[in-house]
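# Give the three-dimensional model of this entry:
(one chain, ligands or ions: 1)
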Amino acid sequence: MLITTVIMLNIWATAADDLLSPNINIIEQLGKIQIMETRMESMEKEIERLKAKNPDCRCQKDTGVYEHDIMTSQQKVYAAEDNVEELRSKNEERVKVAFSASLLSSHNIKYIGPYAEDTMIVYGKIFTNIGNAYNTTTGIFSAPVKGVYFFNLVLFTHDALSAGVKLLKNDDHVVGVTDNPPTEDKEDTASNSVSLLLEEGDQISVKLIAHRRIYTDGFRRNTFSGHLLFTM
Ligand SMILES: *[C@@H]1O[C@H](CO)[C@@H](O)[C@H](O)[C@H]1NC(C)=O
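The predicted structure follows:
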């Protein structure tokens, strides 16, 4: 019985090395640690019992080996507990940023533009805005932390309008989306995506390009989304 338990301890020790893998379930790992602690306690009791029963027997030597194994395993369990604690606090600290919005829905045909200059667009219909990084009044996304962010921009145009929007980082053009007449069909969708390393406080916005228009109705075909992929 003693040998079986020691072997099981060694299997657990291997599993402990995987603790930093992103797929681990913290609760499950904590449960395993508790079970291991219970097993070690009963092994220690068993050793004490054997020692008391056979004070002069050769098995003193054997129990010494087991005791060493138990101590090694116990150290691994302590290290595993520290790792679990670290993972748990990291998970709690993790910044969560995700927003997705479309132009305000309206059942009436609505053109935005054209204007003589590039003009800020505010995507007023919010699907999700975790972390409130997208300001729904100004249309400006402000990076709350340094990290890599993914942005997606979808443009819809109708009736061969000359349409176009562009994504800016602070005041610099990053990517654009355009569609120009003549078009064979009445409807056109265009999109662009980009991943950007942003510093805390960097601002991302979308502007309607000068002399162009976009078309929006209740179908929500003009969208702007941004997600924090990971912090840096
Ligand atoms: C959005 O921007 C406006 C104007 O700068 C500001 O007054 C408001 O507090 C901002 N909203 C959020 C949620 O930060």
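# Kindly tell me how buried Asn192 is, as a neighbour count.
Asn192 has 17 neighbouring residues, counting by other C-beta atoms under 10 Å. In this view, the C-beta of every residue, glycine as well, is placed from N, C-alpha and C.
# Settle this for me: it is touching Val175, isn't it.
Yes. Taking contacts as C-beta atoms under 8 Å, Asn192 lies within contact range of Val175: 4.5 Å.
# Between these two, which contacts overlap?
Each of 153, 167 lies in contact with both Asn192 and Val175 under the rule C-beta atoms under 8 Å, 6 or more residues apart in numbering.
# where do the strands sit along the chain?
In the chain, the segments counted as strands under DSSP state E are 98-102, 110-112, 119-120, 125-130, 141-142, 147-158, 163-169, 172-179, 187-198, 203-208, 214-216, 223-231.
# Scan the helices and strands of the protein for the one with the lowest mean pLDDT.
helix 2-17 (a mean of 46; mean pLDDT, DSSP states H and E).
# ok, the residue in the chain that the ligand sits nearest to to Gln203 distance?
Taking C-beta to the nearest ligand atom, the ligand has its nearest neighbour within the chain at Asn135, 3.7 Å off. Asn135 sits 9 Å away from Gln203, going by C-beta to C-beta, to the nearest Å.
# Common neighbours of these two, please.
141-142.
# before we move on, the earlier item: what would the strands of the chain look like in CSV with mean pLDDT and distance to the ligand?
Shown next, in CSV, are those (pLDDT from 0 to 100; distance: least, C-beta to the nearest ligand atom, whole Å):
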stretch, mean pLDDT, distance to the ligand
strand 98-102, 96, 12
strand 110-112, 83, 20
strand 119-120, 95, 12
strand 125-130, 96, 9
strand 141-142, 97, 8
strand 147-158, 93, 17
strand 163-169, 94, 17
strand 172-179, 92, 20
strand 187-198, 93, 17
strand 203-208, 97, 11
strand 214-216, 86, 22
strand 223-231, 96, 15
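# Sweet, I'm off.
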